[in-house]
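Undergrad: Predicted model follows, preceded by the sequence.
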Amino acid sequence: MIDPELAAKLDEIGAKADKAYRAAETVRKYLFWTGVVSIALIVLPLLGLAFAIPQFIGSYTTTLQGAGL
């Protein structure tokens, strides 16, 4: 059968692999949520500006035309 020393080493390696997997999953979750927050803070305001800027320009030019400039 398996030598007890070898079995202990295999258990130790298995525990370290499990610990490394949990750490990698934690990092993956952090990176995912960092991406979600980045999109929310950068892309969504840019989309809002895509609608707000034309409205602002339209009201600005209407004001200028009303003023006779």
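TA: Perfect, I can see it now. What you are looking at is a predicted structure, and each value in this text was computed from that prediction instead of being measured.

Undergrad: does G14 sit in a helix or strand, and which one?
TA: For G14, the element it lies in under DSSP states H and E is helix 4-38.

Undergrad: Give me the distance from that helix to the chain's centre.
TA: 21 Å (CA atoms, centre = their mean, to the nearest Å).

Undergrad: following it, which helix or strand comes up?
TA: Counting by DSSP H and E, the next helix or strand C-terminal to helix 4-38 is helix 44-66.

Undergrad: How far away from the center of its chain is that following helix?
TA: 30 Å.

Undergrad: Report the mean confidence score over it.
TA: Regarding helix 44-66, the rounded mean pLDDT is 88.

Undergrad: Would you mind pulling up the elements that that helix packs against?
TA: With contacts taken as 3 or more CB pairs under 8 Å, 6 or more residues apart in numbering; DSSP states H and E, helix 44-66 sits against no other helix or strand. Bear in mind the C-beta positions are built from the backbone N, C-alpha and C, glycine included.

Undergrad: and L64, what is it in contact with?
TA: Under the criterion of CB atoms under 8 Å, 6 or more residues apart in numbering, L64 has no contact partners.

Undergrad: Spatially central residue for the chain, please.
TA: Centroid-nearest residue in the chain: G35, 0.9 Å away (criterion: CA atoms, centre = their mean).

Undergrad: measure it to E12 for me?
TA: To E12, G35 is 35 Å away according to CB to CB, to the nearest Å.

Undergrad: same deal with L49?
TA: L49 sits 56 Å away from E12, going by CB to CB.

Undergrad: Name the residues of stretch 3-17 that come out as buried.
TA: Within stretch 3-17, no residue is scored as buried using 16 or more other CB atoms under 10 Å.

Undergrad: Kindly provide the distance from the residue nearest to the centre of the chain to G48.
TA: Counting by CB to CB, the gap from G35 to G48 is 20 Å.

Undergrad: tell me the contacts of L10?
TA: By CB under 8 Å, 6+ apart, the neighbours of L10 are I2.

Undergrad: Look at it and report its pLDDT.
TA: The score at L10 is 95. That number is its pLDDT.

Undergrad: and if you look at M1?
TA: For M1, the pLDDT comes out at 69.
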